[in-house]
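[1] Can you look at this prediction? I've put the sequence above it.
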Amino acid sequence: MAQKMIAVYGVREGSGKTVVARELAGAYQLRGKKTLLVDMVLGGGQIAGSLGLSPEPNLGQWLQEMDRQMNEDLPPFALRFSPEEVAPFIQHHYTGLDVLAASPLDFPGRAAGMVEVVITHLRPLSHEVIIFDTRSVVREYVLRLLSLVDTVLLVTDSYRYHLEYAAGVLERLREAGVTTDHFQLVLNRMPTLTDESPREAARQLGLPLAGVLPELPAMQPGRNNRTLSYELVDHFTRSINQLVERLE
Ligand SMILES: Nc1ncnc2c1ncn2[C@@H]1O[C@H](COP(=O)(O)OP(=O)(O)OP(=O)(O)O)[C@@H](O)[C@H]1O
Ligand SMILES: [Mg+2]
């Protein structure tokens with residue numbers, strides 16, 4: 001039973017990374033896969049809050065311990081944590097999903113090394129799927145994460161407008177030394193009739209198309225009082241399930 005590590009990256013802030021990471025993790029968990037959702041947005045992510053979990057324990061407590069050991073001149077590759085030492089940083093959602101909440105602290109200069117330590121020590125855990133929420137920035141620690149996982153989902157929103165932008169993002173990542181062979185495209189929100197087909201968009205970007213997600217009105221701030229039609233939820237759920245199936 002191979003473990004799958006998936007990072008959810010996006011072409012820009014607000015493209016839907018957190019929604020995709022959270023819903024994908026939920027879908028895997030519902031299918032009976034032991035799943036860990038990791039909030040890799042250093043300096044404050046939104047996963048724990050959006051799942052009704054508390055901010056602590058979190059990744060930051062683990063990173064602080066790494067920081068302490070690195071202050072004693074230990075290089076990142078020399079740090080060792082047993083699964084028993086990692087477990088207390090992980091929270092458990094009532095659905096069975098495990099969550100490593102965000103670190104409220106960033107660790108500039110050390111974050112990339114720390115990410116490598118995190119990934120090395122999550123690999124031996126019994127989780128079948130590990131999903132990382134990320135930030136749409138070109139920073140060393142994010143690039144390291146994207147290079148170390150098995151699959152990167154590139155989330156692109158409102159679609160045609162951002163297609164060229166998405167191509168630019170991919171180009172910048174490649175210039176920064178990230179190979180993109182393991183990247184797949186997720187179009188968040190259905191294209192309008194005037195847009196090109198999702199398949200065509202993926203072809204232009206040179207990425208496999210992992211999925212197309214519809215608009216989910218209830219998830220927009222300020223629209224929470226709106227009654228959501230069952231079909232919309234169902235459509236969204238179906239689309240997420242199709243995404244999981246393509247990733248199998
Ligand atoms: N398919 C969707 N339908 C409706 N609303 C959505 C959808 N996807 C995302 N949103 C909404 O858009 C906003 C941005 O989404 P989200 O927080 O997932 O993006 P993000 O890429 O993680 O942003 P950031 O870069 O700030 O972390 C949120 O309010 C979210 O609820
Ligand atoms: Mg986010």
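    Looks like it arrived, so ask away. Ligands and ions are numbered 1, 2, ... in the order given.
[2] Tell me where the model's unsure across this structure.
    1, 159-161, 217-232 (pLDDT under 70).
[3] Quick check: phi and psi on the spatially most central residue of it?
    Centroid-nearest residue in the chain, with C-alpha atoms, centre = their mean: residue 133, separated by 2.6 Å. When read as degrees, to the nearest 10, the backbone of residue 133 gives phi -90, psi 140.
[4] which non-adjacent residue is nearest it?
    residue 21 (3.9 Å; C-beta to C-beta, 6 or more residues apart in numbering). Where you see a C-beta, it was placed from the backbone N, CA and C, and this is true even at glycine.
[5] Helix, strand or coil: sort out residue 211 for me.
    Using DSSP: H, G, I helix; E, B strand; the rest coil, the structure places residue 211 in strand.
[6] what number of residues lie near it?
    By the measure other C-beta atoms under 10 Å, the count of residues near residue 211 is 23.
[7] Was I right to think it contacts residue 238?
    No - Residue 211 is beyond contact range of residue 238, at 10.4 Å (criterion: C-beta atoms under 8 Å).
[8] Check the chain for its longest helix and report it.
    helix 230-247 (DSSP state H).
[9] Packing partners of it?
    With contacts taken as 3 or more C-beta pairs under 8 Å, 6 or more residues apart in numbering; DSSP states H and E, helix 230-247 sits against helix 17-30, strand 183-188, strand 209-213.
[10] Contacts for the shortest one, please.
    Right, the one you point to is strand 209-213. 16, 20, 153, 184-191, 198-199, 201-202, 236, 239-240, 242-243, 246-247 (C-beta atoms under 8 Å, 6 or more residues apart in numbering).
[11] Repeat the analysis, applying 10 Å as the threshold.
    6, 16, 19-20, 23-24, 151-155, 157, 159, 183-191, 197-203, 235-236, 239-247 (C-beta atoms under 10 Å, 6 or more residues apart in numbering).
[12] can you map out the strands along this structure?
    4-10, 35-39, 91-92, 98-100, 129-133, 151-157, 183-188, 209-213 (DSSP state E).
[13] of the ones you listed, which approaches residue 108 most closely?
    strand 35-39 (18.1 Å; C-beta to C-beta).
[14] what's the angle between that closest one and strand 129-133?
    20 degrees (axes from the mean of the first three to the mean of the last three C-alpha atoms, to 10 degrees).
[15] Any residue of strand 35-39 touching ligand 2?
    No - for a cut-off given as C-beta under 5 Å from the ion, strand 35-39 has no contacts with ligand 2; the smallest distance is 8.6 Å.
[16] So which elements touch that strand?
    strand 4-10, helix 17-30, helix 47-50, strand 98-100, helix 111-122, strand 129-133 (3 or more C-beta pairs under 10 Å, 6 or more residues apart in numbering; DSSP states H and E).
[17] Can you list the strands that it pairs with?
    Strand 35-39 has the following strand partners under DSSP bridges: strand 98-100 (parallel), strand 129-133 (parallel).
[18] Establish whether it and ligand 1 are in contact.
    No - applying C-beta under 6 Å from any ligand atom, one finds strand 35-39 separated from ligand 1 by no less than 9.9 Å.
[19] report the angle between the axes of that strand and strand 4-10?
    40 degrees.
[20] could the strands of the chain be laid out in CSV, adding distance to residue 110?
    Shown next, in CSV, are these (distance: least, C-beta to C-beta, whole Å):
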stretch, distance to residue 110
strand 4-10, 20
strand 35-39, 18
strand 91-92, 24
strand 98-100, 18
strand 129-133, 18
strand 151-157, 23
strand 183-188, 26
strand 209-213, 32
